[in-house]
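J.: Below: sequence and its predicted model.
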Amino acid sequence: MRYTPGMVSTVHPAPLTAADYGSAVQFLRQSLRAHIHIDWQEFEEWLPSPAFYSRALWQGNQMVAFAGATLHRSPDAGSAAWLRFIAPGGLLIERPLLDRIWVALRDDLTQAESERVALLINEPWVGDLGRRWGFQPLNHVTTLRLDTLTPGASLIPPPGVTIRLLRDADLPAVVRVDNRAFSPIWQYDLPTLQSAREHPGAFFVMEVHGAIVAYMICTLHGSSGHLARLAVMPQLQGRGLGGLMLAEMARYFSQTGVLTVTLNTQSDNVASLHLYRRRGFHEIGFSVPVWELLL
């Protein structure tokens, strides 16, 4: 039932239908306050995805509040969701209504067998809602930067190790590497990796004796570069493969004229932080809290 004056006590947040997509896009764009965490896929791309879950409140035919989450199903480690979109409209003072949206969406994710929901706290009001809804601090996404990129000495991969650009047929193997290397909250699925491939830059894979064991995504942003993703099979970590990939990153970016490179990683990813610092990256003092709710 959609929200109409005089029926506030019986309102029930409704999932979006295909006919609602245009209203949702317009509402999110025009909202004075909107939490938007798109990662690789834009809001419009997420809307028809079976991994997208949403609830909205309406006043007649007018959307007045909205929330949306995405669910990743891991074959090895359960399922996890991100609460990516919150557009409270004018309902911040009518928190019971906004709470109903969240409760309905949370129940949808629970029924879909999500074990946890993560939330990026990019603004204070998002933290207020997260605290109200029971989210707890998990870690931070911290940004590192390499101020002056130099190719350095060329690293020659050992026998049997090859670094090359991604091919279409590689994507299922890349998904397997990703899902082994990261916990469910941070994992990418096939559609996400396909979207990542469309961004300007380069997508590399590493083969060891013909099997893909690592991958790396480098993106271009004007005169700057960004190391968007680096994943190595857990059983092969600590053997210098990550360093070989970073050498390939330096070679690629230096050929494109990039001097400054950034990356994001989790504040509790000690091994990755150690690798990046050894390669000249340093924290720039910017980090975003990540909170989590166990379902």
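T.: Arrived safely, thanks for sending.
J.: any chance you could map the strands in the stretch 101-250 of the chain?
T.: Using DSSP state E, counting those that start in this stretch, the strands of the stretch 101-250 of the chain run over 114-120, 136-146, 161-165, 201-208, 211-221, 224-232.
J.: for these, which one sits closest to Phe182?
T.: Smallest distance to Phe182 across the strands of the stretch 101-250 of the chain (Cβ to Cβ): 6.7 Å, for strand 224-232. Where C-beta positions appear, they are placed from N, C-alpha and C, glycine not excepted.
J.: Give the buried residues for the closest one.
T.: 225-232 (16 or more other Cβ atoms under 10 Å).
J.: neighbouring strands for it, and are they parallel or not?
T.: strand 211-221 (antiparallel), strand 260-266 (parallel) (DSSP bridges).
J.: Now it: average pLDDT?
T.: For strand 224-232, the per-residue pLDDT values average out at 96.
J.: now stretch 45-61
T.: Rounded mean pLDDT across stretch 45-61 is 92.
J.: how long is it from one end to the other?
T.: Taking Cα to Cα, to the nearest Å, the first and last residues of stretch 45-61 lie 23 Å apart.
J.: give the contact list for Ala211.
T.: Ala173 (Cβ atoms under 8 Å, 6 or more residues apart in numbering).
J.: Let's have the strands of the stretch 101-250 of the chain in JSON lines, adding distance to Arg278.
T.: Shown next, in JSON lines, are these (distance: least, Cβ to Cβ, whole Å):
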{"stretch": "strand 114-120", "distance to Arg278": "28"}
{"stretch": "strand 136-146", "distance to Arg278": "12"}
{"stretch": "strand 161-165", "distance to Arg278": "19"}
{"stretch": "strand 201-208", "distance to Arg278": "19"}
{"stretch": "strand 211-221", "distance to Arg278": "17"}
{"stretch": "strand 224-232", "distance to Arg278": "14"}
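J.: of all the ones you listed, which lies closest to Ser254?
T.: Using Cβ to Cβ, the strands of the stretch 101-250 of the chain put strand 224-232 closest to Ser254, at 9.4 Å.
J.: Could you check the angle that closest one makes with strand 201-208?
T.: Put simply, strand 224-232 runs at 30 degrees to strand 201-208, going by axes from the mean of the first three to the mean of the last three Cα atoms, to 10 degrees.
J.: ok now strand 224-232, how far from the chain's centre?
T.: 13 Å (Cα atoms, centre = their mean, to the nearest Å).
J.: ok, now stretch 20-32?
T.: 21 Å.
J.: One more: stretch 103-115?
T.: That offset, for stretch 103-115, works out to 19 Å (Cα atoms, centre = their mean).
J.: Which parts of that stretch count as buried, going by neighbours?
T.: 104-106, 108-109, 112, 114-115.
J.: what do you get for stretch 211-226?
T.: 212-220, 225-226.
J.: Pick out the most distant pair among those residues.
T.: Most distant of the buried residues of stretch 211-226, by Cβ to Cβ, are Val213 and Leu220, 25.4 Å apart.
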